[in-house]
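K.L.:
Mind folding the following:
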Amino acid sequence: MSQNVLSQIHELLANRRYAVTETSESGLRIEEVDSGLSLHANLQGEILFFSMVCATVPTEKITAAVMHKMLDAGSGISTSHFQLNNGNGHTTVTLNNFCKLQEMGPDDEDDILSCVSFLLTDVLHARDLLASDLL
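P.N.:
Predicted coordinates:
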């Protein structure tokens, strides 16, 4: 995969009313125009990784009960996974997913658009799920 593929992904998303900014040779910032929600994509080889911040909170708020909610198979978040990133006494909770690209044909385009859509939906659900504990 190359810079050309990243440009194709940029164009695909821009044509679907997303505001897209290239952040690096392999990265994109994608904003859903109507809601203002944004996520990041990073192309590593044939894998396009997506990540979206749910919240950044003091680390002590990440309790066993909160982690149980994040890991519960019945949480309603089935297309994305949580990740915790620690730094300076705070933890950033992100939702993440990915897709494997093949030829940048219609199937790959559908996978990319689905990943973005699922992640946007999942993060709204995750924020509701965790709001009482984190926000």
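
K.L.:
can we go C-alpha only for contacts and neighbour counts from here?
P.N.:
Fine.

K.L.:
And residue 5, which helix or strand is it part of?
P.N.:
Residue 5 belongs to helix 3-14 when assigned by DSSP states H and E.

K.L.:
Tell me, how many residues neighbour residue 91?
P.N.:
Look at residue 91: counted by other Cα atoms under 10 Å, it has 19 neighbours.

K.L.:
Looking at it now. What's its pLDDT?
P.N.:
Predicted confidence (pLDDT) for residue 91: 96.

K.L.:
in the helix or strand harbouring it, what's buried?
P.N.:
Here residue 91 sits within strand 90-100, counting by DSSP H and E. By neighbour count with 16 or more other Cα atoms under 10 Å, strand 90-100 contains the buried residues 90, 91, 92, 93, 94, 95, 96, 97, 98, 99.

K.L.:
same check, this time on stretch 42-55
P.N.:
Neighbour-count burial for stretch 42-55 [16+ other Cα under 10 Å]: 42, 43, 48, 49, 50, 51, 52, 53, 54, 55.

K.L.:
Excluding covalently adjacent residues, which one is nearest to residue 101?
P.N.:
Among residues not flanking residue 101 along the chain, residue 46 sits closest, at 5.2 Å (Cα to Cα, 6 or more residues apart in numbering).

K.L.:
Same list, the buried residues of strand 90-100, but as CSV with distance to residue 32 please.
P.N.:
Converted to CSV, the buried residues of strand 90-100 look like this (distance: Cα to Cα, whole Å):
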residue, distance to residue 32
90, 26
91, 25
92, 21
93, 20
94, 17
95, 16
96, 16
97, 17
98, 18
99, 19
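
K.L.:
if you go through the chain in chain order, where are the strands?
P.N.:
For the chain, strands defined by DSSP state E occupy the ranges 18-22, 27-32, 38-44, 47-58, 81-87, 90-100.

K.L.:
show me the residues around the nearest residue to residue 14 once chain neighbours are set aside that make contact.
P.N.:
Of all residues not flanking residue 14 in the chain, residue 20 sits nearest, at 6.1 Å (Cα to Cα, 6+ apart). Applying Cα atoms under 8 Å, 6 or more residues apart in numbering to residue 20 gives the contacts 10, 13, 14, 28, 29, 30, 31.
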